[in-house]
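have a look; sequence and predicted model below, questions after that.
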Amino acid sequence: MSLNIHSSELPENERSLHEFWMKEAIAEAHKAESLGEVPIGAVIVRNGEIIGRGYNLRETTLDSTAHAEMVAIRQASIALNSWRLLDCQLYVTLEPCPMCAGAMVQSRLPLTVYGTTDPKAGCAGTLMNLLEEPRFNHRTEIIQGVLQEECAELLTSFFRQLRRKPPKS
């Protein structure tokens with residue numbers, strides 16, 4: 001049974017709610033961009049309140065695990081004083097990679113909502129679907145394509161600008 005649905009299949013009021021939270025994730029992505037990081041942002045919501053925020057910090061921290069989702073998961077876990085993020089939703093601008101998808105399963109997140117697909121590392125349905133892997137003891141519902149064009153444009157613009165910069169000497 002697939003729990004993976006596209007935002008266009010949702011009723012308007014539900015889609016609007018997901019767009020509201022995705023805009024918060026996009027705001028986090030802009031923070032990453034302002035640091036010269038790949039603009040990916042995430043928020044974790046519980047009971048209509050953001051309990052975790054994150055944006056990509058890999059270059060800044062020299063930490064390959066400092067993805068937006070991982071930063072947000074750590075912050076939400078501290079806020080709840082628990083590694084279990086039950087009754088929470090994670091919103092992220094880019095489809096999760098294998099590491100982040102694994103962390104979502106491990107933290108028992110019941111819902112992941114993402115903006116645009118990742119053809120190089122997407123593990124919420126593009127390359128594989130770790131969030132719905134039936135051999136795991138927990139699965140995560142997925143809603144994809146929320147504000148897809150806006151999320152994709154963040155990345156496209158960032159990499160277009162990067163290619164225009166002269167190489168560091």
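Done, it's in.

distance of residue 163 from residue 151?
20 Å (C-beta to C-beta, to the nearest Å). Backbone N, C-alpha and C define where each C-beta goes, glycine included.

check what pLDDT the closest residue to residue 80 other than its chain neighbours gets.
Residue nearest to residue 80 in three dimensions, not counting chain neighbours: residue 51, with 6.6 Å by C-beta to C-beta, 6 or more residues apart in numbering. The model reports residue 51 with a pLDDT of 98.

just the one 4 residues further on next, same as before
Each residue has a pLDDT score; the one for residue 55 is 98.

got the contact list for it?
28, 29, 31, 32, 37, 39, 40, 41, 42, 68, 71 (C-beta atoms under 8 Å, 6 or more residues apart in numbering).

and if you look at residue 42?
By C-beta under 8 Å, 6+ apart, the residues touching residue 42 are 25, 28, 52-55, 68-69, 71-72, 90-93.

show me the residues you listed that map onto strands.
52, 53, 54, 55, 90, 91, 92, 93 (DSSP state E).

ok, the fifth one - how many residues close by?
Okay, so that is residue 90. 30 (other C-beta atoms under 10 Å).

same question for the last one.
Applying the criterion other C-beta under 10 Å, we find 31 residues in the vicinity of residue 93.

again with the first one
By the measure other C-beta under 10 Å, the count of residues near residue 52 is 23.

show me what the lengthiest helix in the chain is packed against.
When the chain is parsed with DSSP state H, its longest helix is helix 12-34. Packing contacts for helix 12-34, counted by 3 or more C-beta pairs under 8 Å, 6 or more residues apart in numbering; DSSP states H and E, involve strand 41-46, strand 49-55, helix 68-80, strand 88-94, strand 111-116, helix 148-164.

is the residue nearest to the spatial centre of the chain in a bridge, and if so with what?
Most central in the chain under C-alpha atoms, centre = their mean is residue 92, positioned 2.3 Å from the mean C-alpha point. Beta-bridge pairing for residue 92 (DSSP bridges): residue 42, residue 114.

pretty sure it is touching residue 39, no?
No. Here residue 92 does not reach residue 39: they are 11.8 Å apart, not a contact under C-beta atoms under 8 Å.

and the helix or strand encompassing residue 101 with helix 68-80, angle?
Using DSSP states H and E, residue 101 sits in helix 98-106. Interaxial angle of helix 98-106 relative to helix 68-80 (axes from the mean of the first three to the mean of the last three C-alpha atoms, to 10 degrees): 30 degrees.

counting by contacts, list what helix 98-106 packs against.
Counting contacts by 3+ C-beta pairs under 8 Å, 6+ apart, helix 98-106 packs against helix 68-80.
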